[in-house]
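A.B. asks: coordinates only, no sequence provided:
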């Protein structure tokens, strides 16, 4: 049987690639990445196989928080180019079949934004209620403080007007107040402006903060998210909201729309990500298996976004203190590798000590998990981090294109790593010529993932592998089945899987040559190399494997 689907749900089996224009490629040799440089590399991204680019903030900014402190939602940071450069980039991306989404950072503005400058000028300012003010703020809860190394409160006293303003993040980022209907009207204007210039959606920053830290409190905060989704759907039926919602599963399902699927299109699976890291730290599949079994099924018009690493710290806040310490010991034992007491400021390849087998297994696991994979720029070549950079900036380093860096002819905006992860060891040019490189592995994984939409569309079942270090699962969609297995340990394993309904079927490996047959009692013996991975497509002996797949139309 074949499952057909249309382009308005393109995100169901997309491959999302997050990048920072500032650190991707410098097109005018001033040491800062820009849209001209990014446009020059569109063919590289199309050749990699990704289908959607997610742009970190590129708006005008004082740059005190890497662009997340915005002074104008309707323009481009002059360091990165002009609106004309942006439009040319969008035209080129669309020409190569790439969709583009961008960060929507409307929980707060910069304190230098004209809105806040006007709001703080007087208690009678017409924009005063665009922000959240209080004569006597409530006592701080330590758990509310997002950056405990920088802030001691979420309230800041404004001497000019004699009141406190709310800032969920840094004190120079006052919270916008979506409790004010004028603010609720302004945000769709921002979305509409950029959609007219070609964006296919937005990654919504800090969603719970956006709808909850308001005054007056909204009677139903989620109505605002539903209104945004409805606005976008009217403009473009395929437009998406990708939500940063790091809350427990039972709370998170509300952000999809309580069964209606009319709010956030895709939510990041922070819990699955953290449990995956715990599993890899222990060489034990149980934590990840438990998370996937406990994870709710999203509504029909929604999806999970899967990731192992993003642009922020690798947060471990949903693990217990003991579990978090396990991950710290395995992947970031030094204090300078940790941040905020809850996360790591390292990239995956360095956490695995450059062990290519283990790195390849981890990314194979990512692409095989049920949902839409999201990768961070440079992951495809094993880009490292620079711990000399402050805080989260450690992982936001210039992309390494060649042995001499290739990012710019000038001193780059941030410094690249030294040693094993320096540009002369890790770069695009060398890996393009190496058939065994991580870059080629990513291209293969993306190609196979796109050929197997049952991974994104199907029903996932975690299998009992009989060995604690082997994570196995299957994905079924309209008669098509994939069986996937990953060995988290460094010794070879033979496991026996029971595959109900696949008795007598052939299993064809899509990553390496090889075919296995399921016995008449539904069992198959599956050999796995150290840190090995298998992607197996089921077919009856009479049907070629390619005809048993779920086909995109």
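C.D. replies: Thanks, I have it. If you're wondering where the values come from, they're calculated on a predicted model, not measured in any experiment.
A.B. asks: and the lowest-mean-pLDDT helix or strand in the chain, which residues are buried?
C.D. replies: Least confident element among the helices and strands of the chain, by mean pLDDT, DSSP states H and E: helix 454-457 (a mean of 92). Residues of helix 454-457 classed as buried: 454-457 (neighbour count, 16 or more other Cβ atoms under 10 Å). For the C-beta atoms, the positions are set from N, CA and C on the backbone; glycine is no exception.
A.B. asks: chain center to it, what's the gap?
C.D. replies: Put simply, helix 454-457 sits 18 Å off its chain's centre (Cα atoms, centre = their mean, to the nearest Å).
A.B. asks: contacts for it, please.
C.D. replies: Contacts to helix 454-457, defined as Cβ atoms under 8 Å, 6 or more residues apart in numbering, come from residues 3, 5, 12-13, 303, 367-368, 370-372, 449, 475-478, 480-482, 549-550.
A.B. asks: residue closest to the middle of this protein?
C.D. replies: Taking Cα atoms, centre = their mean, the centroid of the chain lies closest to residue 374, which sits 4.4 Å from it.
A.B. asks: SS state for it?
C.D. replies: Recorded secondary structure, residue 374: strand (DSSP: H, G, I helix; E, B strand; the rest coil).
A.B. asks: swap in residue 88?
C.D. replies: Following three-state DSSP, residue 88 is assigned to helix.
A.B. asks: what sits against it?
C.D. replies: Applying Cβ under 8 Å, 6+ apart to residue 88 gives the contacts 35, 39.
A.B. asks: let's see 7 Å
C.D. replies: Contacts for residue 88 (Cβ atoms under 7 Å, 6 or more residues apart in numbering) come out as residue 39.
A.B. asks: flag every buried residue along the following helix or strand past the least confident helix or strand of the chain.
C.D. replies: Downstream of helix 454-457, the next assigned helix or strand under DSSP states H and E is strand 459-463. The neighbour-count check on strand 459-463 (16+ other Cβ under 10 Å) flags 460-463 as buried.
A.B. asks: neighbours of residue 444, just the number please.
C.D. replies: If you count neighbours by other Cβ atoms under 10 Å, residue 444 ends up with 17.
A.B. asks: what pLDDT does residue 24 get?
C.D. replies: Looking at residue 24, its pLDDT reads 98.
A.B. asks: which strand or helix spans residue 293?
C.D. replies: Per DSSP H and E: residue 293 is located in helix 286-294.
A.B. asks: for residue 37, same thing?
C.D. replies: Using DSSP H and E, the element containing residue 37 is helix 35-40.
A.B. asks: who does that helix touch, helix- and strand-wise?
C.D. replies: Here helix 35-40 touches helix 21-24, helix 83-95, going by 3 or more Cβ pairs under 7 Å, 6 or more residues apart in numbering; DSSP states H and E.
A.B. asks: picking up where we left off before, got the angle for the helix holding residue 293 vs strand 459-463?
C.D. replies: Here helix 286-294 runs at an angle of 140 degrees relative to strand 459-463 (axes from the mean of the first three to the mean of the last three Cα atoms, to 10 degrees).
A.B. asks: would you confirm that the residue nearest to the centre of the chain contacts residue 307?
C.D. replies: Yes. Contact criterion Cβ atoms under 7 Å: residue 374 and residue 307 qualify, at 4.4 Å.
A.B. asks: need the phi and psi values for residue 472.
C.D. replies: Here is the backbone geometry of residue 472 (degrees, to the nearest 10): phi -130, psi 140.
A.B. asks: same thing with the one 4 residues further on?
C.D. replies: Backbone torsions for residue 476, taken as degrees, to the nearest 10, come to phi -120, psi 130.
A.B. asks: bridging residues for it?
C.D. replies: Per DSSP bridges, the residues bridged to residue 476 are residue 459, residue 481.
A.B. asks: give the closest residue to residue 355 in space, chain neighbours not counted.
C.D. replies: residue 531 (7.7 Å; Cβ to Cβ, 6 or more residues apart in numbering).
A.B. asks: so who does residue 182 touch?
C.D. replies: residue 130.
A.B. asks: help me confirm that it is found in a helix?
C.D. replies: Yes. Assessed with three-state DSSP, residue 182 lies in a helix.
A.B. asks: quick one: it from residue 191, how far?
C.D. replies: Per Cβ to Cβ, to the nearest Å, residue 182 is found 16 Å from residue 191.
A.B. asks: if we can go back for a sec, and the residue nearest to the centre of the chain, what does it touch?
C.D. replies: Neighbouring residues of residue 374 by Cβ under 7 Å, 6+ apart: 16, 18, 305-307.
A.B. asks: residue 133 against residue 162, yeah?
C.D. replies: No. Counting by Cβ under 7 Å, residue 162 is not a contact partner of residue 133; they are 9.9 Å apart.
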